[in-house]
Structures are given as structure tokens and as C-alpha cells.
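[1] The amino acid sequence is not available; the structure is as follows:
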């Protein structure tokens with residue numbers, strides 16, 4: 001029977017480094033999966049907001065709804081706190097999304113206005 005000897009400091013460091021590398025690869029793979037899920041969720045969200053923009057344009061509603069936006073921001077801040085995520089970060093993130101949605105809604109409204117003008121034989125309006 002052979003006698004067991006403790007690994008050298010260099011061997012122990014190599015094993016620890018390999019374990020750390022494996023853990024890092026595992027965590028990065030999870031992050032990659034989460035990033036993909038976020039992209040798909042945002043795509044679905046924008047499909048819905050596109051339809052909201054079209055509905056607003058058809059009914060001559062304003063592209064932005066400040067009361068709804070404020071309520072959503074407050075709701076997201078509470079969700080962030082519950083999830084132990086910085087509420088200020090969550091608010092910045094939602095504001096970025098809201099700004100993009102409103103930009104899309106304005107473009108949809110502008111396109112609808114131009115289509116209506118063309119049907120009436122009027123010149124198209126310029127974008128803001």
C-alpha cells in the first residue's frame with residue numbers, strides 16, 4: 001500500500017485555479033442564458049407596445065401616458081426592492097425602455113398621419 005502525501009502548494013493552487021475556472025465558466029454560461037432570455041422578453045414586450053402604439057394612433061391618443069408611466073415606475077421600484085435589486089437601477093432601466101416605446105409610438109402616429117393625409121390628397125408632414 002502506498003503512503004499518502006499532501007499535495008504541494010503548487011499542486012493545491014492548480015486544483016483551486018481549475019475549480020475557480022470551472023465555476024467561472026458555469027456562471028458565465030448562466031449569465032449568457034439570462035441575457036438571451038432578457039433579449040427575448042424585450043422583443044415580446046416591444047411586440048405588445050407596437051400594437052399599443054398602433055391602437056393609440058388609430059384613436060388619436062397621445063404617444064405618451066405620463067400617469068401610466070409614473071405608476072409603472074413605482075410598481076417596478078417596489079418589485080426591485082422585493083427582489084433585492086437597486087430600485088434606482090430598475091427605474092433607469094424602465095425609463096430607458098419607456099423612452100424607446102414613446103419614440104416608437106410617435107413614429108407610428110407620424111406614419112398614420114401621413115397615410116391619412118395622402119388619402120385626403122394632402123402633403124405629408126415632416127417628422128419631429
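    Ah, there it is. Please read these numbers as outputs of a predicted model, since none were measured by experiment.
[2] what mean pLDDT would you report for stretch 91-107?
    For stretch 91-107, mean pLDDT is 95.
[3] Would you pull up how far it lies from the middle of the chain?
    Chain-centre distance of stretch 91-107: 11 Å, with CA atoms, centre = their mean, to the nearest Å.
[4] Return the set of buried residues in that stretch.
    Within stretch 91-107, the residues that qualify as buried are 91, 94, 97, 98, 101, 102, 104, 105, 106, counting by 16 or more other CB atoms under 10 Å. For the C-beta atoms, the positions are set from N, CA and C on the backbone; glycine is no exception.
[5] List the contacts of the residue nearest to the fifth one when sequence neighbours are not counted.
    The spatially closest residue to residue 101, leaving aside those adjacent along the chain, is residue 49, at 4.6 Å (CB to CB, 6 or more residues apart in numbering). When the contact criterion is CB atoms under 8 Å, 6 or more residues apart in numbering, the partners of residue 49 are 101, 104, 105.
[6] and the nearest residue in space to the second one that is not next to it in sequence, how far is that from residue 39?
    Right, residue 104. The shortest distance from residue 104 to any non-neighbouring residue, by CB to CB, 6+ apart, is to residue 53 (5.6 Å). For residue 53, the distance to residue 39 equals 21 Å [CB to CB, to the nearest Å].
[7] Please tell me the pLDDT value assigned to residue 113.
    For residue 113, the model assigns a pLDDT of 79.
[8] any idea how far the helix or strand of the chain with the lowest mean pLDDT is from the chain center?
    Within the chain, no helix or strand scores below helix 87-119, which has a mean of 89 by mean pLDDT, DSSP states H and E. For helix 87-119, the separation from the chain centroid amounts to 15 Å (computed by CA atoms, centre = their mean).
[9] Also stretch 23-30?
    Computed by CA atoms, centre = their mean, the chain-centroid distance of stretch 23-30 equals 22 Å.
[10] Thanks a lot, catch you later.
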